[in-house]
Each structure stands twice: as C-alpha cells, then as structure tokens.
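Asker: structure for the following, please:
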Amino acid sequence: MKAIVFDAFGGIEVLREAELEVPEPGPGQVRVRVKAVGVNPVDGKIRAGGMEAVFPTALPAVPGGEIAGVVDAVGEGAGLEVGDEVLGWSDTGSYAQYALASADVLAPKPAALDWTHAAALPVATDGAERVLDLLDVGAGDTLLIHGASGALGTIAVQLAVARGARVLGTTSPANQEHVTSLGATALVYGDHLVERVRALAPEGVDAVFDAAGKGALEDSIALRGTTDRIVTTADFRARELGVVFAEGPQRRSAARLAELARQAADGTLVTTISATHPLTDAAKAQQASDAGHNRGKIVLTVN
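Answerer: I've put the predicted structure just below:
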C-alpha cells in the first residue's frame, strides 16, 4: 500500500512516500480502506520531535491518527462488518491507503456526511469537549476562545454555545464573519486584546480556551486575574506560566462521535474545511498546518 512515512524527526522534508505491507487486523480491530485523513497541528509537532515526552514515536512512523473510510477486513470480536463506512481514530497512523483501528473507537458515518467532513470530526470534537469539561463550561459562563476559526476552535465555539455559554472568539480579520456565524462574538487577536475583551465583557471572563498557541496566555491570565480555568492545547509555555496544558485525547467515545457526526450530517454542527490535498501532498498539507491561521480543517484525500 502507499503511505507517507518519516524516518527521522525534522521539518516537512523528512516526509516521504513509501510502499508498505497492508496490515492485518488483530482481535477487536478492523482494517479501514482510508478515504480521507484529518491533518492536525499535533501531526507536525510529532514529526518535529516536539511531542516525544507525551507521545513517544518509534521510527519509521506513519503520521496521523484521524480517519474516515470503509471497513475492509475484520478481526475477531470486532463487531463491525466489511463495507461499513466509519470515522474515528487509527491505531497505526492514518496517512496511508489502509489503517488499523480498534472497533470501539469508530463511529458509523452517516450517508449524508461526505468523507472530507467526516475526517474533520474525531480529533476536533474530542479535543473541544475535553477542554470544555476541564474548564467546567456551562450555562451563563463567558468563555474566551483563542483561535476560534481553526478546526478545533470552530467546534469548540459551537459546543460551548450549545452548553449555554457566551463565547468571545479571537481570530484574524478575514475570519470575523465566520466566527460570528458560529454564535460567538468575534474580535481580532493582537494588540490591546485585554482592553478590547474587557470592553465586550466588563463583568469579566469565566474561562479561557487557547487553541491558537500564539502567545495569548499572558493576556488570558491578566483577564482572569488567575491561572485558574485557563487551558491551552497549543502553547508549550503553559507549565512555566502555571496554566493547564491539555495533553492528548482522554475519551475517544464512539457513541459521542456518532451523535456529533449525525449533527454534522444534518447541519446542526458546522464543520469547515480549510483545504484538501491528495495523500502525495502530505508535506504541503503539514506545512500549511504548521503555519496556522487556517479556517477549519486541512484534509488529505486517499485514492
């Protein structure tokens, strides 16, 4: 099978195409013929070696962990059938024509949800809900989200609004209307942010979700007056500032993913695709992901 691999840590130049053996599923696993792959910022951080303390990586490695595709082979006790259309997380890396996955972290793909948008859901929905739970966001809270137009931020805004929170979302000037359409009050990140947020929320903000990792933690602490109820998924300075860094997925609930996939299919939950690239352009996709400022998810399509 065709796959993208890296043999050493480094920049996008370490990514290369390779021919690998098609994997065989073990007990509780299925093999998925991959149709689309979500590209996430963590993929580039792992490739660069920046996540070794959290996700040790055996080299050579196939990047990625987010898949949408068709069940191609079934291991003992997996409970799925060949031909089932699914989305979820891969056990073996996802930048490949085939991937193995534990059946219990795969959700059925609704017929009305296309492959590209299906691949945009697992990591963003899991990560958004995990952080909202860590922040204990609920009805009546005012939540500030940095990076509100990205793949994670887009989902986080909507899930927070669904919980009854008021959301302020920072983003670039070009994405103000997009963030507003999701139910947030949009504002531009950058200079004088503290003053501008206080003008919009004179009663203060109850929690901060940093999905951008672009140096907003100091402003967040100033707005909160404490490091309590501030969580980042992207700024590695968190610990030195006394802020919680959310590390890795904590639940991977297939049932919850299935529910959110149904909402995405009927338009209740909006998924936004920044760009699509063929698998062979994985380096280009990761370069764009590394650069940030993307509206929504970057997705690789697999033939």
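
Asker: all contacts plus neighbour counts: C-alpha atoms, from now on.
Answerer: Noted.

Asker: for Val32, give me its contacts.
Answerer: 69-73, 98-101 (CA atoms under 8 Å, 6 or more residues apart in numbering).

Asker: meant to ask about Ser220
Answerer: 194, 208, 230.

Asker: what comes up buried for the strand or helix carrying it?
Answerer: Using DSSP states H and E, Ser220 falls within helix 217-224. Residues of helix 217-224 classed as buried: 217, 219-221, 223-224 (neighbour count, 16 or more other CA atoms under 10 Å).

Asker: about what we covered before: what is the nearest of the contacts of Val32 to Ala184?
Answerer: Distance to Ala184 across the contacts of Val32 (CA to CA) is lowest for Gly69, with 32.4 Å.

Asker: now do the SS call for that closest one.
Answerer: strand (DSSP: H, G, I helix; E, B strand; the rest coil).

Asker: show me what contacts it?
Answerer: Contacts were defined as CA under 8 Å, 6+ apart; by that measure Gly69 touches 32-36, 85-87, 115.

Asker: top of the residues you listed by number of neighbours, please.
Answerer: Highest neighbour count within the contacts of Gly69, by other CA atoms under 10 Å: Leu87, with 33 neighbours.

Asker: so that residue bridges to which residues?
Answerer: With DSSP bridges as the criterion, Leu87 is bridged to Ala68, Ala107.

Asker: so what's it up against?
Answerer: Here Leu87 is in contact with 66-69, 106-109, 118-119, 122 (CA under 8 Å, 6+ apart).

Asker: kindly recompute the last result at 7 Å.
Answerer: Neighbour list for Leu87: 67-69, 106-109, 118-119 [criterion: CA atoms under 7 Å, 6 or more residues apart in numbering].

Asker: likewise Asp72?
Answerer: 31-33, 82-83.

Asker: avg pLDDT for the next helix or strand after the helix holding Ser220?
Answerer: Next along the chain after helix 217-224, taking DSSP H and E as the criterion, comes strand 230-232. Mean pLDDT, strand 230-232: 97.

Asker: for strand 230-232, what is the distance to the chain centroid?
Answerer: Strand 230-232 sits 16 Å away from the centroid of its parent chain (CA atoms, centre = their mean, to the nearest Å).

Asker: sheet partners, orientation included, of that strand?
Answerer: strand 207-210 (parallel), strand 244-245 (parallel).

Asker: and the helices in the stretch 51-200 of the chain, which stretches?
Answerer: Taking DSSP state H, counting those that start in this stretch as the test, the helices found in the stretch 51-200 of the chain are 115-119, 122-134, 151-162, 176-181, 193-200.

Asker: and the angle for the last one with helix 217-224?
Answerer: Counting by axes from the mean of the first three to the mean of the last three CA atoms, to 10 degrees, helix 193-200 lies at 30 degrees to helix 217-224.

Asker: what do you get for the third one?
Answerer: Computed by the same axes, to 10 degrees, the angle separating helix 151-162 from helix 217-224 equals 10 degrees.

Asker: counting contacts, what elements does helix 151-162 pack onto?
Answerer: Applying 3 or more CA pairs under 7 Å, 6 or more residues apart in numbering; DSSP states H and E, one finds that helix 151-162 makes contact with helix 122-134.

Asker: measure His192 to Ala222 for me?
Answerer: 12 Å (CA to CA, to the nearest Å).

Asker: quickly list what's touching both of these two.
Answerer: What both His192 and Ala222 touch, as defined by CA under 7 Å, 6+ apart, is an empty set.
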